[in-house]
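**Student:** mind looking at a prediction? Sequence and model below.
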Amino acid sequence: MSDYYSPNRKSMKEEKIFHVSELNEFINIYLGGVGEVVVEGEIVECKVSQGKWLFITIKDDTSSVEVFGVAYQISGYSVLEPGMLVHVYGTPRLYQKTGRFSIFANQVVPAGEGALKLAFEKLKEKLDKEGLFNEQRKRLISEFPEKIGLITAKDSRAYSDFIKVLKHRMGGIKIFFYPVNVQGKDSVESIVRAFNYFNDKLSDLDALVLIRGGGSLEDLQSFNDENLARAIFSSNIPVVCGVGHEDDLTIADLVSDLRASTPSNAAELLVKTRTELFFEVNHNTKTIYNQLLNILNGNNYRIRKSVNLLENAINRQTSVIYKTVARFVNQFMLLKQEIKNMERNRLGFQIRISKGSSYWVKQQIVKLNNLFRLLSSFDTQKVLNRGFSITFDPEGKILKSVNRVKKGSQIATSLFDGKIDSQILNISKK
């Protein structure tokens, strides 16, 4: 700055003359001292330059002002569009090079119900296309959680409702509480910080619970923020979200692994009551008992059927043996009678009888051996032990011909050490 004495001033008072750059710098410093302001206006123009510089013009009925910001530092800037009413949080400044006045923004949020609904729908569509709401990627919450991270406002109704419901359900749960702002300018940053803390410091939690009470669409705006949605999506710990009343729906609800209608409902979904648990245990016990009973009844039926088949086979073979023995006894009695008749002529026929008897006995022994070998061959277990098998048709009868079954029929095959159930895929006839 240059100083001079004005000859036209009687007091010869010293005046300061600013260069343009000095004046702009001076005014900019003064504006910086004003601090952060919040300006409401309707977006006239909105564009992003070079992928990172955000330029917005907002207006009211009589004036307009330019807004400048760094795009990636302003959450949800992608949903902004001309005609939308917004609140701009930032500091006024004067660009020193051109003397152009603007607001350096650090946050731009939709204002008014219409703008909020439009921003909600645009963000919802964007995140849905990216797969943040995909049901297939959502994780199951532990059925019996032991450690829970709770994110909500300190001393809030949501906190007391959640704790109250939890106390009347299964115990043994340890709660790690992280107090946050659930409304206002810094609320999103506060909640995201809580998610980062739990994922970094307490990553072994069974679930994170994000809750708050009901309110207007503007009150719930923090839960429709893109940064919060991505924090929920990227959380390594499953997230339960219970925001507002039953009819309220936020972006945070859609991204979370489990949505609850209210904070109280979040506790109900997360932890079962003792009555529910006992009912479930009894139901499962009855189901297992009935299944085991059905299996045992089925096995008993199959065993009885197999025993009957085996008993019939043994009876048939026993009948053959009885008949053979009867024939042998009859022949023996005939021989005995013949010996008695020949005894009268024993002296003359002794040698012949002796030889004949010996020969005949040997023949009978051979026959008996053959007969017993034959009988042994009818022993089904021995037959099965030699590698043979017995096949039964669907009615439990021994299958002797391929004509008694058809393709797709169920057959049972008995082996020496068990039974095989089969389905016929193909039939080949000789």
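**Tutor:** Everything's here; your move.

**Student:** can you report phi and psi for Leu217?
**Tutor:** phi -60, psi -40 (degrees, to the nearest 10).

**Student:** hang on, it packs against Glu113?
**Tutor:** Yes - between Leu217 and Glu113 there is a contact at 5.6 Å, judged by C-beta atoms under 8 Å. Where you see a C-beta, it was placed from the backbone N, CA and C, and this is true even at glycine.

**Student:** more crowded one of those two?
**Tutor:** Set Leu217 next to Glu113 and count neighbours by other C-beta atoms under 10 Å: Leu217 wins out with 19 against 12.

**Student:** which element is the closest residue to that one other than its chain neighbours on?
**Tutor:** Using C-beta to C-beta, 6 or more residues apart in numbering and skipping the chain neighbours, the partner closest in space to Leu217 is Leu116 (4.7 Å). Using DSSP states H and E, Leu116 sits within helix 113-130.

**Student:** quick one: strands adjacent to the next helix or strand after that helix?
**Tutor:** Next in sequence after helix 113-130, counting helices and strands by DSSP H and E, comes strand 147-152. With DSSP bridges as the test, strand 147-152 is paired with strand 174-179 (parallel), strand 207-212 (parallel).

**Student:** can I get strand 147-152 in CSV? Just the C-alpha atoms.
**Tutor:** Extracted in CSV, the C-alpha atoms of strand 147-152 (Å, rounded to 0.1, in the frame of the first residue of the first chain):
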residue,chain,number,x,y,z
LYS,A,147,-21.7,-58.3,21.3
ILE,A,148,-23.6,-55.4,19.7
GLY,A,149,-22.4,-52.0,18.6
LEU,A,150,-25.1,-49.3,19.1
ILE,A,151,-25.0,-46.1,17.1
THR,A,152,-27.5,-43.4,18.0
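
**Student:** quick one: mean pLDDT for it?
**Tutor:** The pLDDT scores in strand 147-152 average 92.

**Student:** ok, now stretch 367-386?
**Tutor:** For stretch 367-386, mean pLDDT rounds to 74.

**Student:** kindly report the same for stretch 322-335.
**Tutor:** 83.

**Student:** show me what contacts the most centrally placed residue in the chain?
**Tutor:** In the chain, the C-alpha nearest the mean C-alpha coordinate belongs to Leu140, at 5.0 Å (C-alpha atoms, centre = their mean). By C-beta atoms under 8 Å, 6 or more residues apart in numbering, the contact list for Leu140 reads Pro238, Asp257.

**Student:** from now on call the first residue 36
**Tutor:** All set: I'll call the first residue 36, so the last point we hit is now Leu175.

**Student:** count of neighbours near the closest residue to Arg204 other than its chain neighbours?
**Tutor:** In this structure, Arg204 finds its nearest non-sequential neighbour in Val306, 4.4 Å apart by C-beta to C-beta, 6+ apart. Counted with other C-beta under 10 Å, the neighbours of Val306 add up to 23.

**Student:** please report how far Val306 lies from Gly207.
**Tutor:** Distance, Val306 to Gly207, using C-beta to C-beta, to the nearest Å: 10 Å.

**Student:** so what are the domain limits for the protein?
**Tutor:** Per automatic domain parsing, the domain ranges recorded for the chain read 50-146, 157-307, 315-412, 414-465.

**Student:** out of those domains, which one sits most buried?
**Tutor:** domain 157-307 (a mean of 18; mean count of other C-beta atoms under 10 Å).

**Student:** what's the spacing between the residue nearest to the centre of the chain and Lys164?
**Tutor:** Using C-beta to C-beta, one gets 25 Å for the distance from Leu175 to Lys164.

**Student:** still on that earlier bit, in terms of mean pLDDT, which of the domains of the chain ranks lowest?
**Tutor:** domain 315-412 (a mean of 77).

**Student:** check the offset of that domain from the chain's centre.
**Tutor:** How far domain 315-412 lies from its chain's middle: 63 Å, per C-alpha atoms, centre = their mean, to the nearest Å.

**Student:** do the same with stretch 161-171
**Tutor:** With C-alpha atoms, centre = their mean, you get 17 Å for stretch 161-171.

**Student:** from the contact counts, what lies against whichever strand or helix holds Ile62?
**Tutor:** Assigned by DSSP H and E, Ile62 falls within helix 55-69. Applying 3 or more C-beta pairs under 8 Å, 6 or more residues apart in numbering; DSSP states H and E, we find helix 55-69 packed against strand 120-130.

**Student:** lovely, talk soon.
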